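*Asks:* sequence and computational prediction follow.
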Number of protein chains: 2
Amino acid sequence: MMLEHADIRIDPARAADFETAILHGVRTVIAHARGFQGFKVNRSIESPGRYILTIYWDTLEDHTVGFRQSPAFGEWRAIVGPFFVQPPVVEHLELVGKSD
Amino acid sequence: MMLEHADIRIDPARAADFETAILHGVRTVIAHARGFQGFKVNRSIESPGRYILTIYWDTLEDHTVGFRQSPAFGEWRAIVGPFFVQPPVVEHLELVGKSD
């Protein structure tokens, strides 16, 4: 299991519409991708318009190949892309340790 | 409940020692702070030396006042601070939505 960690910036004036759109996009598009395990969307308290989208995937390739190279990626970006004021910064993370 | 999201950069050559230190620091210092609920440490796959520390707190003030203005903050920074190659970027996040 690994995480996709996407650092997203939008116009804070559009926050309510964006939050509706990103939840809709994850639940109706990404959640059907092979290897999808779950997700979280968090908003920054200090930086209005900054969001962290975390998606849990079985493997790195489930995201980078299976999802990104499928038609579903275009469907997803059509839903959320219009809100982005700069390209999201996306990296993949693996767990070092956590609380019990 | 809210999250502290710390984006940390270290020298990748010191990754093994840093990972031991940060787990030790969270478990022996931060975990005893009032309002601490849990933590995760993740390493970036694409950017060696980049780590995301997530700490779950009851309230924002448990971190920014209760922990940061206590002697425990100095103990924590003494353990992990020597590894930082730049100041960590710390923000607080609140949940918009997640999978069931």
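*Replies:* Received it, and whenever you're ready, just let me know what you need.

*Asks:* need the pLDDT of A:Gly74.
*Replies:* Per-residue confidence at A:Gly74 stands at 97 (pLDDT).

*Asks:* can you name the residues bridging to A:His5?
*Replies:* Note on A:His5: beta-bridge partners by DSSP bridges are A:Thr54, A:Glu91.

*Asks:* what pLDDT does the residue nearest to the spatial centre of chain A get?
*Replies:* Most central in chain A under CA atoms, centre = their mean is A:Leu53, positioned 4.0 Å from the mean C-alpha point. On pLDDT, A:Leu53 comes in at 98.

*Asks:* elements contacting the helix or strand that contains A:Phe18?
*Replies:* Element membership for A:Phe18 (DSSP states H and E) is helix A:15-28. If contacts are counted by 3 or more CB pairs under 8 Å, 6 or more residues apart in numbering or on different chains; DSSP states H and E, helix A:15-28 sits against strand A:36-44, strand A:50-57, helix A:71-80, strand B:89-98. Using the backbone N, CA and C atoms, a C-beta is placed for each residue, glycine as well.

*Asks:* out of the ones you listed, the one nearest A:His24 is which?
*Replies:* helix A:71-80 (6.6 Å; CB to CB).

*Asks:* list the buried residues in the closest one.
*Replies:* A:Ala72, A:Phe73, A:Trp76, A:Ile79, A:Val80 (16 or more other CB atoms under 10 Å in any protein chain shown).

*Asks:* before we move on, what about stretch A:34-49?
*Replies:* So stretch A:34-49, judged by 16+ other CB under 10 Å, has buried residues A:Gly35, A:Phe36, A:Phe39, A:Lys40, A:Val41, A:Asn42, A:Arg43, A:Ser44, A:Gly49.

*Asks:* which residues are in contact with the third one?
*Replies:* By CB atoms under 8 Å, 6 or more residues apart in numbering or on different chains, the residues touching A:Phe39 are A:Val26, A:Ile30, A:Ala31, A:Leu53, A:Thr54, A:Ile55, A:Tyr56, B:Lys98, B:Ser99.
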